[in-house]
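J.: Next input, structure requested:
(one chain, ligands or ions: 1)
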Amino acid sequence: MRKRTKEVRIGKLRIGNGHPILVQSMANTLTSDSDATTKQIHELSDAGCEIIRVSVPDMKSALALKKIRENISIPLVADIHFDYRLAVESAKYADKLRINPGNIGSEEKIRAVVDAAKEHSIPIRIGVNLGSLEKELEKKYGLTPKAMVESAMQNITLLENLDFYDIVVSLKASDVPRTIEAYKMFSEKLDYPLHIGVTESGTIFSGTISSSIGIGSLLLGGIGDTIRVSLAAPPVEEVKVGWQILKSLKLRKRGIEVTACPTCARANFDVALVARKIEDETKNMEKPMHIAIMGCGVNGPGEAKEADIGGKGENLFYSKGGISGKVSEKDILDRVLKEINSQ
Ligand code: SF4
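T.: The predicted model follows:
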(Lines give C-alpha, C1' and ligand atoms only; values in the text may rest on other atoms or scores of the structure.)
Protein backbone atom coordinates (compact mmCIF):
# COMPACT_ATOMS: atom_id res chain seq x y z
CA MET A 1 0.00 0.00 0.00
CA ARG A 2 1.21 3.49 -0.82
CA LYS A 3 2.46 5.42 2.17
CA ARG A 4 0.36 8.53 2.78
CA THR A 5 2.69 11.49 2.99
CA LYS A 6 2.14 15.14 3.75
CA GLU A 7 0.74 17.17 0.84
CA VAL A 8 3.07 19.75 -0.67
CA ARG A 9 2.27 22.17 -3.50
CA ILE A 10 4.81 22.75 -6.26
CA GLY A 11 3.53 25.47 -8.57
CA LYS A 12 0.20 24.29 -9.97
CA LEU A 13 0.81 20.69 -8.91
CA ARG A 14 0.47 18.86 -5.62
CA ILE A 15 2.47 15.90 -4.44
CA GLY A 16 2.09 13.53 -1.50
CA ASN A 17 -1.17 12.61 0.18
CA GLY A 18 -2.12 10.13 -2.55
CA HIS A 19 -1.60 12.51 -5.50
CA PRO A 20 -0.20 10.87 -8.68
CA ILE A 21 3.50 10.10 -8.66
CA LEU A 22 5.16 12.70 -10.88
CA VAL A 23 8.03 12.38 -13.34
CA GLN A 24 10.83 14.86 -12.84
CA SER A 25 14.03 15.57 -14.76
CA MET A 26 16.88 18.04 -14.79
CA ALA A 27 17.99 20.32 -17.61
CA ASN A 28 21.65 20.05 -18.61
CA THR A 29 21.92 23.36 -20.45
CA LEU A 30 23.53 26.44 -18.88
CA THR A 31 20.71 27.95 -16.83
CA SER A 32 22.12 31.40 -17.56
CA ASP A 33 21.31 30.69 -21.22
CA SER A 34 17.58 31.09 -20.72
CA ASP A 35 16.70 30.44 -24.37
CA ALA A 36 18.54 27.11 -24.56
CA THR A 37 17.15 26.05 -21.18
CA THR A 38 13.59 27.00 -22.09
CA LYS A 39 13.92 25.08 -25.37
CA GLN A 40 15.14 21.97 -23.56
CA ILE A 41 12.37 22.22 -20.96
CA HIS A 42 9.79 22.32 -23.76
CA GLU A 43 11.28 19.15 -25.26
CA LEU A 44 11.22 17.47 -21.87
CA SER A 45 7.71 18.59 -21.12
CA ASP A 46 6.53 17.24 -24.51
CA ALA A 47 8.07 13.89 -23.55
CA GLY A 48 6.12 13.88 -20.27
CA CYS A 49 8.36 15.68 -17.78
CA GLU A 50 6.07 17.15 -15.11
CA ILE A 51 8.57 19.00 -12.89
CA ILE A 52 11.90 20.39 -14.08
CA ARG A 53 14.97 21.18 -11.99
CA VAL A 54 17.79 23.46 -13.08
CA SER A 55 21.14 24.19 -11.43
CA VAL A 56 21.75 27.68 -10.14
CA PRO A 57 25.52 27.95 -9.72
CA ASP A 58 25.74 31.76 -10.01
CA MET A 59 23.69 34.96 -9.85
CA LYS A 60 23.37 35.14 -13.66
CA SER A 61 21.58 31.78 -13.53
CA ALA A 62 19.34 32.88 -10.64
CA LEU A 63 18.30 35.97 -12.61
CA ALA A 64 17.69 33.89 -15.75
CA LEU A 65 15.00 31.92 -13.88
CA LYS A 66 12.57 34.82 -14.33
CA LYS A 67 12.56 34.52 -18.12
CA ILE A 68 12.57 30.73 -18.02
CA ARG A 69 9.60 30.69 -15.62
CA GLU A 70 7.64 33.04 -17.88
CA ASN A 71 8.09 30.76 -20.87
CA ILE A 72 7.38 27.30 -19.50
CA SER A 73 4.27 25.69 -18.12
CA ILE A 74 5.66 23.03 -15.75
CA PRO A 75 6.90 23.77 -12.22
CA LEU A 76 10.50 24.95 -12.00
CA VAL A 77 12.88 23.82 -9.25
CA ALA A 78 16.07 25.77 -8.50
CA ASP A 79 19.01 23.68 -7.28
CA ILE A 80 21.35 25.67 -5.04
CA HIS A 81 24.40 24.87 -2.98
CA PHE A 82 26.50 26.94 -0.59
CA ASP A 83 25.43 30.48 -1.49
CA TYR A 84 22.24 31.53 0.30
CA ARG A 85 21.93 34.69 -1.85
CA LEU A 86 21.30 32.51 -4.90
CA ALA A 87 18.47 30.75 -3.06
CA VAL A 88 16.93 34.04 -1.92
CA GLU A 89 16.99 35.40 -5.49
CA SER A 90 15.75 32.10 -7.01
CA ALA A 91 12.79 31.99 -4.61
CA LYS A 92 11.29 34.97 -6.46
CA TYR A 93 10.84 32.91 -9.64
CA ALA A 94 11.09 29.19 -8.86
CA ASP A 95 8.29 26.91 -7.66
CA LYS A 96 10.57 24.97 -5.31
CA LEU A 97 14.11 25.22 -3.95
CA ARG A 98 16.44 22.27 -3.63
CA ILE A 99 19.09 22.96 -1.03
CA ASN A 100 20.92 21.27 1.76
CA PRO A 101 20.48 23.68 4.66
CA GLY A 102 23.64 22.19 6.21
CA ASN A 103 25.84 23.62 3.45
CA ILE A 104 24.17 27.05 3.37
CA GLY A 105 26.09 28.20 6.45
CA SER A 106 25.06 30.19 9.51
CA GLU A 107 21.58 30.18 11.00
CA GLU A 108 21.02 33.72 9.69
CA LYS A 109 21.68 32.59 6.15
CA ILE A 110 19.34 29.60 6.49
CA ARG A 111 16.75 31.93 8.00
CA ALA A 112 17.06 34.26 4.98
CA VAL A 113 16.39 31.34 2.62
CA VAL A 114 13.46 30.09 4.70
CA ASP A 115 11.99 33.60 4.88
CA ALA A 116 12.22 33.87 1.08
CA ALA A 117 10.52 30.47 0.65
CA LYS A 118 7.77 31.52 3.08
CA GLU A 119 7.29 34.87 1.37
CA HIS A 120 6.81 33.20 -2.02
CA SER A 121 4.95 30.15 -0.61
CA ILE A 122 7.28 27.59 -2.14
CA PRO A 123 8.57 24.34 -0.65
CA ILE A 124 12.16 23.32 -0.05
CA ARG A 125 13.59 19.94 -0.96
CA ILE A 126 16.34 18.66 1.23
CA GLY A 127 18.43 16.64 -1.20
CA VAL A 128 20.71 14.29 0.69
CA ASN A 129 23.32 12.72 -1.52
CA LEU A 130 25.74 10.05 -0.34
CA GLY A 131 28.52 11.72 -2.32
CA SER A 132 28.22 15.01 -0.44
CA LEU A 133 27.45 13.88 3.09
CA GLU A 134 28.48 16.04 6.04
CA LYS A 135 31.99 15.03 7.13
CA GLU A 136 31.04 14.45 10.78
CA LEU A 137 28.26 12.05 9.78
CA GLU A 138 30.55 10.19 7.41
CA LYS A 139 33.10 9.86 10.22
CA LYS A 140 30.50 8.67 12.70
CA TYR A 141 28.49 6.25 10.54
CA GLY A 142 30.59 5.77 7.36
CA LEU A 143 28.93 6.08 3.96
CA THR A 144 25.81 4.28 5.10
CA PRO A 145 22.04 4.65 4.81
CA LYS A 146 22.02 5.54 8.53
CA ALA A 147 24.31 8.51 7.83
CA MET A 148 22.05 9.66 5.00
CA VAL A 149 18.93 9.47 7.14
CA GLU A 150 20.72 11.27 9.98
CA SER A 151 21.72 14.02 7.54
CA ALA A 152 18.10 14.42 6.40
CA MET A 153 16.88 14.56 10.00
CA GLN A 154 19.43 17.23 10.94
CA ASN A 155 18.55 19.33 7.90
CA ILE A 156 14.83 18.95 8.60
CA THR A 157 15.38 20.09 12.18
CA LEU A 158 17.10 23.25 10.91
CA LEU A 159 14.00 24.10 8.88
CA GLU A 160 11.46 23.02 11.47
CA ASN A 161 13.20 25.17 14.08
CA LEU A 162 12.36 28.10 11.81
CA ASP A 163 8.76 27.00 11.70
CA PHE A 164 9.03 25.73 8.13
CA TYR A 165 7.31 22.45 7.23
CA ASP A 166 6.80 22.67 3.47
CA ILE A 167 9.49 20.08 2.98
CA VAL A 168 10.27 17.37 0.42
CA VAL A 169 13.16 14.96 1.01
CA SER A 170 15.42 12.84 -1.16
CA LEU A 171 18.12 10.40 -0.04
CA LYS A 172 20.11 9.29 -3.04
CA ALA A 173 23.10 6.99 -3.29
CA SER A 174 24.66 5.81 -6.53
CA ASP A 175 23.99 2.18 -5.71
CA VAL A 176 20.64 0.50 -5.40
CA PRO A 177 20.86 -1.29 -2.00
CA ARG A 178 21.92 1.78 -0.01
CA THR A 179 19.38 3.98 -1.79
CA ILE A 180 16.52 1.60 -1.00
CA GLU A 181 17.64 1.12 2.59
CA ALA A 182 17.92 4.88 3.21
CA TYR A 183 14.44 5.63 1.84
CA LYS A 184 12.89 2.76 3.79
CA MET A 185 14.54 3.88 7.02
CA PHE A 186 13.41 7.46 6.54
CA SER A 187 9.91 6.52 5.51
CA GLU A 188 9.41 4.65 8.80
CA LYS A 189 10.30 7.78 10.77
CA LEU A 190 8.62 10.74 9.04
CA ASP A 191 5.87 11.46 6.54
CA TYR A 192 7.37 14.24 4.43
CA PRO A 193 6.89 13.48 0.71
CA LEU A 194 9.82 11.74 -0.95
CA HIS A 195 11.49 12.46 -4.25
CA ILE A 196 13.10 9.13 -5.18
CA GLY A 197 15.89 8.07 -7.50
CA VAL A 198 19.27 6.41 -7.74
CA THR A 199 21.78 9.19 -8.28
CA GLU A 200 24.50 9.09 -10.96
CA SER A 201 23.16 5.68 -11.88
CA GLY A 202 25.19 5.47 -15.08
CA THR A 203 24.81 5.31 -18.82
CA ILE A 204 21.54 4.67 -20.55
CA PHE A 205 21.91 0.87 -20.32
CA SER A 206 23.22 0.39 -16.77
CA GLY A 207 21.43 3.46 -15.39
CA THR A 208 18.07 2.33 -16.74
CA ILE A 209 18.50 -1.04 -15.05
CA SER A 210 19.69 0.42 -11.71
CA SER A 211 16.97 3.05 -11.68
CA SER A 212 14.26 0.60 -12.62
CA ILE A 213 15.26 -1.75 -9.82
CA GLY A 214 15.79 1.03 -7.25
CA ILE A 215 12.80 3.21 -8.05
CA GLY A 216 10.64 0.20 -8.90
CA SER A 217 11.36 -1.56 -5.59
CA LEU A 218 10.58 1.57 -3.60
CA LEU A 219 7.36 2.24 -5.49
CA LEU A 220 6.26 -1.36 -5.02
CA GLY A 221 6.86 -0.85 -1.31
CA GLY A 222 4.58 2.20 -1.38
CA ILE A 223 7.41 4.75 -1.12
CA GLY A 224 7.85 7.73 -3.48
CA ASP A 225 5.90 10.83 -4.54
CA THR A 226 8.07 12.07 -7.40
CA ILE A 227 10.71 10.16 -9.36
CA ARG A 228 13.82 11.04 -11.29
CA VAL A 229 15.85 8.63 -13.36
CA SER A 230 19.42 10.03 -13.42
CA LEU A 231 21.20 9.03 -16.60
CA ALA A 232 24.44 10.06 -18.27
CA ALA A 233 22.38 10.58 -21.42
CA PRO A 234 20.13 13.28 -22.91
CA PRO A 235 17.54 14.14 -20.22
CA VAL A 236 14.64 13.20 -22.48
CA GLU A 237 15.77 9.59 -22.00
CA GLU A 238 15.30 10.03 -18.23
CA VAL A 239 11.70 11.05 -18.79
CA LYS A 240 11.01 8.12 -21.10
CA VAL A 241 12.46 5.62 -18.60
CA GLY A 242 10.61 7.30 -15.72
CA TRP A 243 7.29 6.89 -17.46
CA GLN A 244 8.03 3.34 -18.43
CA ILE A 245 8.71 2.50 -14.77
CA LEU A 246 5.38 4.01 -13.70
CA LYS A 247 3.51 2.36 -16.56
CA SER A 248 5.11 -1.04 -15.89
CA LEU A 249 3.91 -0.86 -12.30
CA LYS A 250 0.46 0.28 -13.46
CA LEU A 251 0.81 3.44 -11.36
CA ARG A 252 0.21 5.90 -14.19
CA LYS A 253 -1.05 5.75 -17.74
CA ARG A 254 0.34 7.80 -20.60
CA GLY A 255 0.66 7.16 -24.30
CA ILE A 256 0.89 3.92 -26.13
CA GLU A 257 2.08 0.82 -24.35
CA VAL A 258 3.11 -2.00 -26.62
CA THR A 259 3.15 -5.59 -25.43
CA ALA A 260 5.12 -7.77 -27.82
CA CYS A 261 6.12 -11.40 -27.52
CA PRO A 262 9.82 -12.33 -27.79
CA THR A 263 8.94 -14.60 -30.74
CA CYS A 264 10.05 -18.15 -31.36
CA ALA A 265 9.80 -20.68 -34.17
CA ARG A 266 6.01 -20.34 -34.07
CA ALA A 267 5.97 -16.64 -34.98
CA ASN A 268 4.48 -16.08 -38.39
CA PHE A 269 5.45 -12.43 -38.89
CA ASP A 270 8.25 -10.07 -37.77
CA VAL A 271 6.82 -9.14 -34.36
CA ALA A 272 9.82 -7.04 -33.25
CA LEU A 273 9.79 -4.95 -36.42
CA VAL A 274 6.05 -4.25 -36.22
CA ALA A 275 6.22 -3.47 -32.47
CA ARG A 276 9.16 -1.10 -33.00
CA LYS A 277 7.42 0.67 -35.86
CA ILE A 278 4.29 1.15 -33.74
CA GLU A 279 6.38 2.57 -30.87
CA ASP A 280 8.20 4.94 -33.24
CA GLU A 281 5.04 6.14 -34.93
CA THR A 282 3.17 6.72 -31.67
CA LYS A 283 5.93 8.05 -29.40
CA ASN A 284 4.38 11.52 -29.06
CA MET A 285 0.83 10.36 -28.43
CA GLU A 286 -0.48 11.03 -24.94
CA LYS A 287 -3.72 9.05 -25.12
CA PRO A 288 -3.19 5.94 -22.99
CA MET A 289 -3.69 2.77 -25.00
CA HIS A 290 -2.47 -0.78 -24.81
CA ILE A 291 -1.45 -2.51 -28.01
CA ALA A 292 -0.51 -6.20 -28.08
CA ILE A 293 1.47 -7.61 -30.97
CA MET A 294 1.83 -11.36 -30.66
CA GLY A 295 3.48 -13.86 -32.99
CA CYS A 296 1.02 -16.75 -32.89
CA GLY A 297 -2.04 -18.27 -31.33
CA VAL A 298 -0.37 -19.68 -28.17
CA ASN A 299 -0.45 -16.60 -25.90
CA GLY A 300 -1.72 -14.31 -28.60
CA PRO A 301 -5.49 -14.52 -28.06
CA GLY A 302 -5.25 -13.85 -24.31
CA GLU A 303 -2.94 -10.87 -24.65
CA ALA A 304 -4.70 -9.45 -27.69
CA LYS A 305 -8.09 -9.68 -25.97
CA GLU A 306 -6.80 -7.83 -22.90
CA ALA A 307 -5.42 -4.99 -25.00
CA ASP A 308 -7.28 -2.10 -26.63
CA ILE A 309 -5.87 -3.23 -29.95
CA GLY A 310 -4.23 -6.56 -30.69
CA GLY A 311 -2.68 -8.36 -33.60
CA LYS A 312 -1.57 -11.98 -33.54
CA GLY A 313 -0.46 -14.75 -35.84
CA GLU A 314 -2.86 -16.05 -38.50
CA ASN A 315 -3.32 -12.31 -39.22
CA LEU A 316 -6.18 -11.95 -36.78
CA PHE A 317 -6.82 -8.44 -35.58
CA TYR A 318 -8.47 -7.60 -32.26
CA SER A 319 -10.13 -4.40 -31.18
CA LYS A 320 -11.53 -3.72 -27.70
CA GLY A 321 -11.32 -7.37 -26.76
CA GLY A 322 -12.95 -8.96 -29.79
CA ILE A 323 -11.75 -10.25 -33.16
CA SER A 324 -12.36 -7.53 -35.70
CA GLY A 325 -11.13 -9.22 -38.84
CA LYS A 326 -7.96 -10.22 -40.63
CA VAL A 327 -5.07 -8.07 -41.70
CA SER A 328 -2.00 -8.92 -43.75
CA GLU A 329 1.46 -8.40 -42.25
CA LYS A 330 2.24 -5.53 -44.58
CA ASP A 331 -0.92 -3.69 -43.53
CA ILE A 332 -0.77 -4.26 -39.77
CA LEU A 333 1.03 -0.99 -38.92
CA ASP A 334 -1.44 1.15 -40.88
CA ARG A 335 -4.35 -0.77 -39.40
CA VAL A 336 -3.10 -0.28 -35.83
CA LEU A 337 -2.53 3.47 -36.37
CA LYS A 338 -5.96 3.85 -37.92
CA GLU A 339 -7.51 1.99 -35.00
CA ILE A 340 -5.64 4.15 -32.42
CA ASN A 341 -7.05 7.27 -34.01
CA SER A 342 -10.56 5.94 -34.15
CA GLN A 343 -10.78 4.71 -30.52
FE1 SF4 B 1 6.31 -17.89 -29.74
FE2 SF4 B 1 3.70 -17.50 -30.15
FE3 SF4 B 1 4.72 -17.14 -27.70
FE4 SF4 B 1 5.26 -15.38 -29.63
S5 SF4 B 1 3.22 -15.82 -28.77
S6 SF4 B 1 6.74 -16.32 -28.25
S7 SF4 B 1 5.39 -16.72 -31.42
S8 SF4 B 1 4.63 -19.06 -28.82
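
J.: Quick check: residues of the protein near the ligand?
T.: 261-264, 266-267, 294-296, 298-300 (Cβ under 6 Å from any ligand atom). Just so you know, the C-beta spots here come from the backbone N, C-alpha and C atoms, and that holds for glycine as well.

J.: Show the buried residues in those residues.
T.: By neighbour count, with 16 or more other Cβ atoms under 10 Å, the residues of the chain next to the ligand hold 261, 263, 267, 294-296, 300 as buried.

J.: Ramachandran angles for the residue nearest to Ile99 when sequence neighbours are not counted?
T.: Closest residue to Ile99 apart from its sequence neighbours, by Cβ to Cβ, 6 or more residues apart in numbering: Ile80 at 5.2 Å. Ile80 adopts backbone torsions of phi -130, psi 140, taken as degrees, to the nearest 10.

J.: Surely Ile80 and Asn100 touch.
T.: No. Ile80 sits out of contact with Asn100 when judged by Cβ atoms under 8 Å, with a separation of 9.1 Å.

J.: which of the two has more neighbours?
T.: Ranked by neighbour count (other Cβ atoms under 10 Å), Ile80 and Asn100 place Ile80 first, with 27 against 23.

J.: and the gap between the more buried one and the ligand?
T.: 51 Å (Cβ to the nearest ligand atom, to the nearest Å).

J.: how long is stretch 117-129 end to end?
T.: The first residue of stretch 117-129 is 22 Å away from its last residue (Cα to Cα, to the nearest Å).

J.: can you give me how far it is from the chain middle?
T.: Distance of stretch 117-129 from the chain centroid (Cα atoms, centre = their mean, to the nearest Å) equals 18 Å.

J.: quick one: buried residues of that stretch?
T.: Of the residues in stretch 117-129, those buried (16+ other Cβ under 10 Å) are 117, 122-129.

J.: Could you list the residues in contact with stretch 329-343?
T.: 256, 269-270, 274, 277-278, 281-282, 285, 287, 289, 291, 293, 308-309, 311, 315, 317, 319-320, 327 (Cβ atoms under 8 Å, 6 or more residues apart in numbering).

J.: Report the closest residue of the chain relative to the ligand.
T.: Closest contact between the chain and the ligand, by Cβ to the nearest ligand atom, is at Gly295 (2.8 Å).

J.: Next one, pLDDT for that residue please.
T.: pLDDT recorded at Gly295 is 80.

J.: what do you get for Pro288?
T.: So Pro288 comes in at 89 (pLDDT).

J.: Could you find the closest non-adjacent residue to it?
T.: Lys253 (3.6 Å).

J.: Would you mind splitting the chain into its domains for me?
T.: For the chain, automatic domain parsing gives the domain ranges 8-248, 256-342.

J.: could these be laid out in a markdown table, adding distance to Met1?
T.: Shown next, in a markdown table, are these (distance: least, Cβ to Cβ, whole Å):
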| stretch | distance to Met1 |
| --- | --- |
| domain 8-248 | 5 |
| domain 256-342 | 24 |
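
J.: Phi first, then psi, for the residue nearest to Pro288.
T.: phi -120, psi 140.

J.: start at 319 instead
T.: Sure, I'll start counting at 319 from here, so that last one is Lys571.

J.: and it, what pLDDT?
T.: 92.

J.: where's it relative to Leu564, distance?
T.: 9 Å (Cβ to Cβ, to the nearest Å).

J.: who's more crowded, those two?
T.: More neighbours surround Leu564 than the other of Lys571 and Leu564, with 23 against 15 (other Cβ under 10 Å).

J.: Not counting its neighbours along the chain, what's nearest that one?
T.: Arg570 (4.1 Å).

J.: give me the number of residues near the one you found?
T.: 17.

J.: Flag every buried residue along the host helix or strand of Ala500.
T.: For Ala500, the element it lies in under DSSP states H and E is helix 494-507. Using 16+ other Cβ under 10 Å as the test for burial, helix 494-507 gives 494, 496-505.

J.: contacts for that helix?
T.: So helix 494-507 is in contact with 321, 446, 448, 461-464, 466-467, 470-471, 487, 489-491, 512, 514-517, 528, 531-532, 535-536, 539, 541-542, going by Cβ under 8 Å, 6+ apart.

J.: Now Glu454. Its backbone dihedrals?
T.: phi -60, psi -40.

J.: Deepest-packed of the domains of the chain, please.
T.: Among these, domain 326-566 has the highest mean neighbour count (mean count of other Cβ atoms under 10 Å), at a mean of 20.
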